[in-house]
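In: Return a 3D structure for these sequence lines:
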Amino acid sequence: MSAKTVSRVANGERSVREDTRQRVLRAIEELDYRPNLLARGLSGAHAYTIGLVYDNPNAYYIIAMQQGALAACDGLNFGLQMRPCNSKATGLAEDLRDFVHRSRLSGLVLTTPVSERTASLQRLASFHIPFVRIISAARDPRDAFPCVYVDDRDAAYAITTHLLQLGHVRIGFLRGGKHHHASAERLKGYKDALRDYGVPLREELMIEGDYVFDDGFRGARRLFDLPEPPTAIFGCNDEIAAGALAAAQATGLHVPYDVSIAGFEDSPFSRHSWPPLTTARQRADVIVERATRMLIARIRGEDVDNEGFNPELVVRGSTAPPRPRSRRRKGR
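Out: Next up is the predicted model:
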């Protein structure tokens, strides 16, 4: 059969008869054939490598995203290049365009917050570069840019509801970076749950910060210094929540009986803390793998539909009903 037919089978394309596909796959197995991705990209106009673009200093998420992208690329015979960037930089779209051309890439997977820069996305699209976004959204945005969307609002609502149902009414909220849309969505879930349960929203219980341990520690100490401190704290991610947990222990408070603490994302911070953190499980590797498969399908000219993910509430030992005020430990 022709080299073109063999190439279609090796690249996972659909326009091949099943009996032909099986014959080629048997030959590939017998010959132990492995494609040379670099030579294949140089031999024609079509490149067989994609880029994964991120602006996140968290090593755990970088590794998880890489694992997810590689799982898709390996199965579809594509290569992968990782690209850190500053999502707030002027000329972001031009920088990504140059990265694509210099590295001979077929397209890009854009993670948050890079994926949330609307003007840069429009500019990047004008360069005719295929991309798929990963974004925080409660529903399919149905706009011109394909995406995998994560319902952070609903998951934050579930965490806050869990704390309310335990009996907490003074729940502190430690926010992540303002330039992440996920922070706003998680704050919205927190506020919506308080409203639905008839609990007043208290500005002094909401502390600004970033997605880092130190901000969780400092924010929790501010909450503990209030005349009427919260009985529960919701950190916008597990790293913030782990910082809050450390602050509680440094203050002499017992978690969960003096104060309950919950995080978000189910990172190693949540599982390796003591007690382990109640959180919302959000599989970064699975989300990025799906976005990578969508991108490769786009590159091959296939139709793709946006896909949504709903993080799942995971209850662990860091949350419990509040103690009566008279039985709580005195801090310091």
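In: Run a quick neighbour tally on residue 88.
Out: 12 (other C-beta atoms under 10 Å). (C-beta placed from N, C-alpha, C; glycine too.)
In: check contacts around residue 270.
Out: Contacts here follow C-beta atoms under 8 Å, 6 or more residues apart in numbering; on that basis residue 270 touches 238, 241-242, 263, 276-277, 279, 314, 316.
In: in a strand, that's where it is, yeah?
Out: No: Residue 270: not assigned to a strand; according to DSSP: H, G, I helix; E, B strand; the rest coil it is helix.
In: isn't there a helix covering residue 290?
Out: Yes: counting by three-state DSSP, residue 290 is found in a helix.
In: what sits up against stretch 150-161?
Out: Contacts of stretch 150-161 (C-beta under 8 Å, 6+ apart): 134-139, 171, 182, 185-190, 192-194, 197, 234, 262, 264, 278-280, 282, 287, 308-313.
In: re earlier: please list the members of the contacts of residue 270 that lie in strands.
Out: 279, 314 (DSSP state E).
In: Including neighbour count and pLDDT, could the contacts of residue 270 go into a markdown table?
Out: Listed next are the contacts of residue 270 as a markdown table, based on neighbours: other C-beta atoms under 10 Å; pLDDT from 0 to 100:
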| residue | neighbour count | pLDDT |
| --- | --- | --- |
| 238 | 30 | 94 |
| 241 | 30 | 96 |
| 242 | 24 | 96 |
| 263 | 33 | 96 |
| 276 | 16 | 96 |
| 277 | 30 | 97 |
| 279 | 31 | 97 |
| 314 | 17 | 96 |
| 316 | 17 | 96 |
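In: out of the contacts of residue 270, what pair is the most spread apart?
Out: Greatest spacing in the contacts of residue 270, by C-beta to C-beta: 242 and 314 (14.9 Å).
In: where exactly do the helices run in this protein?
Out: For the chain, the helices defined by DSSP state H cover 3-10, 18-31, 37-42, 59-76, 92-103, 118-126, 152-166, 181-196, 213-224, 238-251, 268-272, 284-299.
In: Mean pLDDT lowest where, among these?
Out: The weakest mean pLDDT among the helices of the chain belongs to helix 37-42, with a mean of 47.
In: and residue 127, how many neighbours does it have?
Out: 13.
In: Show the contacting residues for it.
Out: So, once contact is read as C-beta under 8 Å, 6+ apart, residue 127 ends up touching 93, 97, 100.
In: roughly how far apart are the last one and residue 161?
Out: Computed with C-beta to C-beta, to the nearest Å, the distance linking residue 100 and residue 161 is 43 Å.
In: Of these two, give the one with the bigger neighbour count.
Out: residue 100 (25 against 18).
In: mind listing what the nearest residue to residue 140 once chain neighbours are set aside touches?
Out: Once flanking residues are discounted, residue 140 sits nearest to residue 306: 4.9 Å by C-beta to C-beta, 6 or more residues apart in numbering. The contact partners of residue 306, taken as C-beta under 8 Å, 6+ apart, are 140-142, 146-149.
In: So among the residues you listed, which ones count as buried?
Out: Using 16 or more other C-beta atoms under 10 Å as the burial test, the contacts of residue 306 include 146-149 as buried.
In: Got the domain ranges for the chain?
Out: Each domain of the chain is listed here as a residue range: 1-34, 43-151+284-310, 153-281+315-327, per automatic domain parsing.
In: right, so these: which one is the most enclosed?
Out: domain 153-281+315-327 (a mean of 20; mean count of other C-beta atoms under 10 Å).
In: ok now that one, how far from the chain's centre?
Out: 19 Å (C-alpha atoms, centre = their mean, to the nearest Å).
In: from here on, count from 28
Out: In the new count, where the first residue is 28, that last one comes out as domain 180-308+342-354.
In: now the spatially most central residue of the chain: how far from residue 220?
Out: Closest residue to the average C-alpha location of the chain: residue 311 at 4.9 Å, with C-alpha atoms, centre = their mean. Using C-beta to C-beta, residue 311 is found at 24 Å from residue 220.
In: This completes my enquiry, with thanks.
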